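Asks: next input, structure requested:
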Amino acid sequence: MSLVTLLPFIVLIGAMFLMTRSAKKKQQQAADMRNQMQPGSGVRTIGGMYGTVKEVSDDTVLLDAGPGVELLFAKNAIGAVLSDDEYNRIVHGIEHDLKSDVVPDDASSLTATDEPDAAAASDENAVDLGKKDENDEAEEPSDASVAADAKSDDEPKKTDGGDSDAK
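Replies: Prediction:
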């Protein structure tokens, strides 16, 4: 067999090796995270339940999910060990000073000025895109519109030949 026919098989085996290697690496990181749990840590289970670790044994974790509620989970059911700030923010709604860390959703807060007159000044210079009244046009006829009106009076009006009451 030639190298050209073996090349696709070699690439396929190499890709499978890389995929299994990365999966094993992720599993190892998750196992390390679960082994580093200590009583008092805030955790989230794979089912989305939040609790505080009360006891840790070889294969199980006892969680305090609320006043008088203790739940026994397998260690594999712990999805994430949360930092104290994150756990307090999610469970208790306690926000530490995140004002300096927050990126605004839009740029309006970045471009806003402290002067309230800035918006009013921009409104004064705004271009009017609406229709003008017939009185305004009558007061200020331009030379081009006068010539166009004279020309249109000389030419007969054309119709489309159809019914003007079409719906």
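
Asks: for the helix ranked longest in the chain, what is the average pLDDT?
Replies: Ordering each helix of the chain by length in residues (DSSP state H) puts helix 3-35 first. Across helix 3-35, pLDDT averages out at 87.

Asks: repeat that for stretch 46-64.
Replies: pLDDT averaged over stretch 46-64 gives 91.

Asks: kindly report the same for stretch 85-93.
Replies: Rounded mean pLDDT across stretch 85-93 is 84.

Asks: and that stretch, how far apart are its ends?
Replies: Start to finish, the residues bounding stretch 85-93 are 10 Å apart (C-alpha to C-alpha, to the nearest Å).

Asks: can you list contacts of it?
Replies: 42, 50, 52, 82, 94, 95, 96 (C-beta atoms under 8 Å, 6 or more residues apart in numbering). C-beta: built from backbone N, CA, C; applies to glycine.

Asks: mind putting these in CSV, secondary structure and distance to residue 130 included?
Replies: CSV is the format used below for those (DSSP: H, G, I helix; E, B strand; the rest coil; distance: C-beta to C-beta, whole Å):
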residue, secondary structure, distance to residue 130
42, strand, 59
50, strand, 56
52, strand, 63
82, strand, 56
94, coil, 52
95, coil, 46
96, coil, 51
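
Asks: how about the residues you listed in JSON lines, adding neighbour count and distance to residue 36?
Replies: JSON lines is the format used below for these (neighbours: other C-beta atoms under 10 Å; distance: C-beta to C-beta, whole Å):
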{"residue": "42", "neighbour count": "21", "distance to residue 36": "13"}
{"residue": "50", "neighbour count": "16", "distance to residue 36": "18"}
{"residue": "52", "neighbour count": "16", "distance to residue 36": "15"}
{"residue": "82", "neighbour count": "17", "distance to residue 36": "13"}
{"residue": "94", "neighbour count": "11", "distance to residue 36": "24"}
{"residue": "95", "neighbour count": "10", "distance to residue 36": "26"}
{"residue": "96", "neighbour count": "10", "distance to residue 36": "23"}
